[in-house]
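1. make a model of this:
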Amino acid sequence: MPPNQLPTKPHFLILDGLRGVAALLVVIFHLFEANFIDDAAHNPLHHGYLAVDFFFLLSGFVVGYAYDDRWGRMSIKQFFKIRLVRLHPLVFLGVFIGAVCFWFDPYTPAVSPWKLIGVMLIGFTLIPGPDLRGWGETHVLDGPCWSLLQEYIANIFYALFGRRMSKLALWIFVIIAAITLASVAIWRGDIGTGWSYETMWIATVRMLFPFFAGLLLFRSTKFVKLPYTFPLCSLLLAALFMIPTMSTKMFNGVYEAAVIIIAFPFIVAAGAGGQVSGRWAKLCRFSADISYPIYITHYPFIYIYTMWVIEKKPPVSQIIPVAMGLFVFFILLAYASLKLYDEPVRAWLKRKWLKR
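-> The predicted structure is shown next:
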């Protein structure tokens, strides 16, 4: 084995599959969101944005599993290089697709090609850039990049501090982060923000508890055994997202905090403790394969779709086939992005960058 390469570990296949389920649910949420832009409480997936918090929890668990026992053979620099190879090729693709969609979007304000190229180059770094649409977004070409920035921050915190934390210190940190998250959710009435300049600080609040709770869950090895784990946990995720918005801000905030702090760790513990085989295993693998690509590539098209719904006010008979067609297109685009771009690029980077 080359000196700078580390052995791969078997995956928690159900957790991988659940990541894909959450990604598909957030895509459906975004498709619904365009039609309920002024009436978010009636979006059928009321709390669909909580998928991001679920991703953070999964990420903390998986990072702990993948890297906690490797620090004797791996430097901080190498860890960052490994994570960049894993995550950043699709960031480039998502932002590039976003720039192309912005240029051809008939509903966006006109900008010079040089300005668009400049914003795209900034977007490649995940640094917040100029808000070209006037929506207050930190990542205007590909909205979900705000959460990827938080993912990178989480990985930096893990490499510098989290990997050295004792279980007691991690418990204390997670409890403080949970109290902070719950306080913000109750104060706002929801936790579905962090993507704007005004609420960037909430993005970090949303990341800190679930990421480090996932790390703590892995280190605690307190897993749950359930029959039919993957379908049951998938249905539970969907049900949690579909619970109607509560009648008061406080109750809604309490509900969303409880989902993140209690329900999501239970689902991850069940996914980690479950077994899957046969067709369910194949479904988990496919779901896992498209999870990150679909999350990072679908939103540039959501911008156009949303403005089409707002500006043209098409009847439901037109909206339904367009939305269904987009959903299928997003799955196909995600799979093509994985096989034709992401996997080859990551394999090349591993050969060229992760070997001495």
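2. now the helices for the chain?
-> 13-33, 51-67, 76-104, 113-124, 145-160, 167-188, 200-220, 229-242, 249-258, 264-273, 278-297, 299-312, 316-337, 343-353 (DSSP state H).
3. could you list the alpha-carbon positions for the second one in PDB?
-> Listed in PDB are the C-alpha atoms of helix 51-67, where the atom choice follows Å, rounded to 0.1, in the frame of the first residue of the first chain:
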ATOM      1  CA  ALA A  51     -32.700  16.700   5.900                       C
ATOM      2  CA  VAL A  52     -29.600  19.000   6.100                       C
ATOM      3  CA  ASP A  53     -29.400  18.500   9.800                       C
ATOM      4  CA  PHE A  54     -29.700  14.700   9.200                       C
ATOM      5  CA  PHE A  55     -26.800  14.900   6.800                       C
ATOM      6  CA  PHE A  56     -24.700  16.700   9.400                       C
ATOM      7  CA  LEU A  57     -25.500  13.900  11.900                       C
ATOM      8  CA  LEU A  58     -24.600  11.200   9.500                       C
ATOM      9  CA  SER A  59     -21.400  13.000   8.600                       C
ATOM     10  CA  GLY A  60     -20.300  13.200  12.200                       C
ATOM     11  CA  PHE A  61     -20.900   9.500  12.600                       C
ATOM     12  CA  VAL A  62     -19.200   8.500   9.400                       C
ATOM     13  CA  VAL A  63     -16.200  10.800   9.900                       C
ATOM     14  CA  GLY A  64     -15.600   9.300  13.300                       C
ATOM     15  CA  TYR A  65     -15.900   5.800  12.000                       C
ATOM     16  CA  ALA A  66     -13.700   6.400   9.000                       C
ATOM     17  CA  TYR A  67     -10.900   8.500  10.700                       C
END
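4. so which elements touch it?
-> If you count contacts as 3 or more Cβ pairs under 8 Å, 6 or more residues apart in numbering; DSSP states H and E, helix 51-67 packs onto helix 13-33, helix 145-160, helix 200-220, helix 229-242, helix 264-273. C-beta coordinates here come from the backbone N, C-alpha and C atoms, glycine included.
5. if we go to 7 Å?
-> Contact analysis of helix 51-67 by 3 or more Cβ pairs under 7 Å, 6 or more residues apart in numbering; DSSP states H and E lists helix 13-33, helix 145-160, helix 200-220, helix 264-273 as its packing neighbours.
6. and the shortest one, what's its mean pLDDT?
-> Pointing back at helix 264-273 there. The average pLDDT for helix 264-273 rounds to 96.
7. for the one helix or strand in the chain whose mean pLDDT sits lowest, buried residues please.
-> Ranking every helix and strand in the chain by mean pLDDT, DSSP states H and E puts helix 343-353 at the bottom, with a mean of 93. Residues of helix 343-353 classed as buried: 345, 346, 349, 350 (neighbour count, 16 or more other Cβ atoms under 10 Å).
8. and what of stretch 99-106?
-> Of the residues in stretch 99-106, those with enough neighbours to count as buried (16+ other Cβ under 10 Å) are 99, 101, 102, 105.
9. before we move on, what about stretch 60-80?
-> Neighbour-count burial for stretch 60-80, with 16+ other Cβ under 10 Å as criterion, is recorded at 60, 61, 62, 63, 64, 65, 66, 67, 74, 79.
10. pLDDT and distance to residue 338 added to those residues, as a markdown table?
-> Formatted as a markdown table, the buried residues of stretch 60-80 follow (pLDDT from 0 to 100; distance: Cβ to Cβ, whole Å):
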| residue | pLDDT | distance to residue 338 |
| --- | --- | --- |
| 60 | 97 | 23 |
| 61 | 97 | 22 |
| 62 | 96 | 18 |
| 63 | 97 | 21 |
| 64 | 96 | 25 |
| 65 | 96 | 22 |
| 66 | 94 | 19 |
| 67 | 96 | 23 |
| 74 | 92 | 26 |
| 79 | 96 | 23 |
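11. and those, which is closest to residue 263?
-> Proximity to residue 263 was ranked across the buried residues of stretch 60-80 by Cβ to Cβ; first place goes to residue 61, at 15.0 Å.
12. OK, contacts around the residue nearest to that closest one when sequence neighbours are not counted?
-> Counting by Cβ to Cβ, 6 or more residues apart in numbering, residue 61 lies nearest to residue 214, which is 3.8 Å off, once chain neighbours are set aside. Residues counted as contacts of residue 214 (Cβ atoms under 7 Å, 6 or more residues apart in numbering) are 57, 58, 59, 60, 61, 268.
13. much appreciated, bye for now.
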